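Trainee: Provided below are the primary sequence and the corresponding predicted coordinates.
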Amino acid sequence: MFGNILKKIFGSSNERDLRGMRKIALKIKDLEAELKVLNDVDLTAQTAVLKGRLAQGETLEKLLPGAFALVRETAVRVMGMRHFDVQMIGGITLHRGKIAEMRTGEGKTLVATLAAYLNALPEKGVHVITVNDYLAKRDAQWMAPLYQRLGMSIGVIQSYQGADNANSFRLNPEDEGDLVACSRQDAYAADITYGTNNEFGFDYLRDNMALRLEDKSQRGLAFAIIDEVDSILIDEARTPLVISGAAQDSSALYQTVNALTLKLTLQLSGDEEADELTGDFIVDEKSRNVELTESGHQKVEEILIE
């Protein structure tokens, strides 16, 4: 009863979180006027300013309002798209490692740019995980003009097809949205890397099997944004990622053993009463087992020595 009274006065934990996020959204909105008067060069330079503040000891949480306002203003200028206040709340939720539920068409891809940019400032890399190769490539190319204007590099990981065709890309800095092939390491070295959960997972397993540091693809794990999180962390997680080695060709061994067994003779049931066992193996039909006799062991050894 006492808990219900407190809940009515202060609200649930979710309501309190939302109130706090709405206050931050208002701070972001207040910064719009300051950024609107900047020219494009000065606006892009704000990324270096934020990185400088981070180097001086400020936390990402403190940088959040300025970073989100910068992404919003840049998106308006470059793409003609403006983040709504509710999308700012979604970005805050993602940054804090929580789940943001949004319907199709409510701008999930645009919301992800907020948390991706903020967490790319420490230059440790951000992974944006999608459910398939098409979405990874599409989202990276779609948001490329925004990221590039903010001074962020983009990598794209596609299905691995061997060393000669790794299917990894970086965005061409001279042409916004254009992808150019690159090594797996270069794609992971980008500030923000798009790919599927399977590719990120298999690359992690391959890195743990690498014998040399230079053979590793990923540079570390810092922050990830997962699209369709219920599908990837629940449904997809039921299928484990396994890397198996090449199967050995044992056909020659099977043929050798088969030829050996044809030289052995079965010990009949009546032979067990004799002083010397005349057969090489015994068949137990009940347990479906075959066992070599003493003479059988000796005969097999002699054949193999030959």
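Mentor: Here it is on my side, so go on.
Trainee: What does the pLDDT read for residue 8?
Mentor: Residue 8 carries a pLDDT score of 55 in this model.
Trainee: meant to ask about residue 283
Mentor: pLDDT, residue 283: 85.
Trainee: Report the separation between the nearest residue to it once chain neighbours are set aside and residue 259.
Mentor: Among residues not flanking residue 283 along the chain, residue 290 sits closest, at 5.6 Å (C-beta to C-beta, 6 or more residues apart in numbering). To be clear about C-beta, it is placed using only N, CA and C from the backbone, and glycine gets the same treatment. Look at residue 290 and residue 259: by C-beta to C-beta, to the nearest Å, they are 17 Å apart.
Trainee: Ok, residue 116 next?
Mentor: Look at residue 116 and residue 259: by C-beta to C-beta, they are 64 Å apart.
Trainee: more crowded one of those two?
Mentor: For residue 116 versus residue 259, neighbours defined as other C-beta atoms under 10 Å are more numerous around residue 116 (27 against 10).
Trainee: which element is that one on?
Mentor: If you go by DSSP states H and E, residue 116 is part of helix 108-120.
Trainee: Could you check how many residues crowd around residue 112?
Mentor: When neighbours are defined as other C-beta under 10 Å, residue 112 has 24 of them.
Trainee: What pLDDT does the model give it?
Mentor: Note for residue 112: predicted pLDDT of 96.
Trainee: In space, what's closest to it - neighbours in sequence excluded?
Mentor: Nearest non-adjacent residue to residue 112 (C-beta to C-beta, 6+ apart): residue 225, at 5.2 Å.
Trainee: tell me the secondary structure for that neighbour?
Mentor: Following DSSP: H, G, I helix; E, B strand; the rest coil, residue 225 is assigned to strand.
Trainee: thinking again about what came up before, what's in contact with the helix holding residue 116?
Mentor: Residues from elsewhere that reach helix 108-120 (C-beta atoms under 8 Å, 6 or more residues apart in numbering): 60, 63-64, 67-68, 70-71, 75, 81, 83, 87-88, 90-92, 94-95, 100, 102, 126, 128, 139, 142-143, 146-147, 150, 152, 191-192, 222-223, 225, 227.
Trainee: So among the residues you listed, which ones count as buried?
Mentor: Buried positions within the contacts of helix 108-120, assessed by neighbour count (16 or more other C-beta atoms under 10 Å), are 60, 63-64, 67-68, 70-71, 75, 83, 87-88, 90-92, 94-95, 100, 126, 128, 139, 143, 146-147, 150, 152, 191-192, 223, 225, 227.
Trainee: Which ones among these lie within strands?
Mentor: 126, 128, 192, 223, 225 (DSSP state E).
Trainee: Dump those into CSV; add distance to residue 14 as well.
Mentor: Below are these laid out as CSV (distance: C-beta to C-beta, whole Å):
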residue, distance to residue 14
126, 26
128, 26
192, 29
223, 23
225, 21
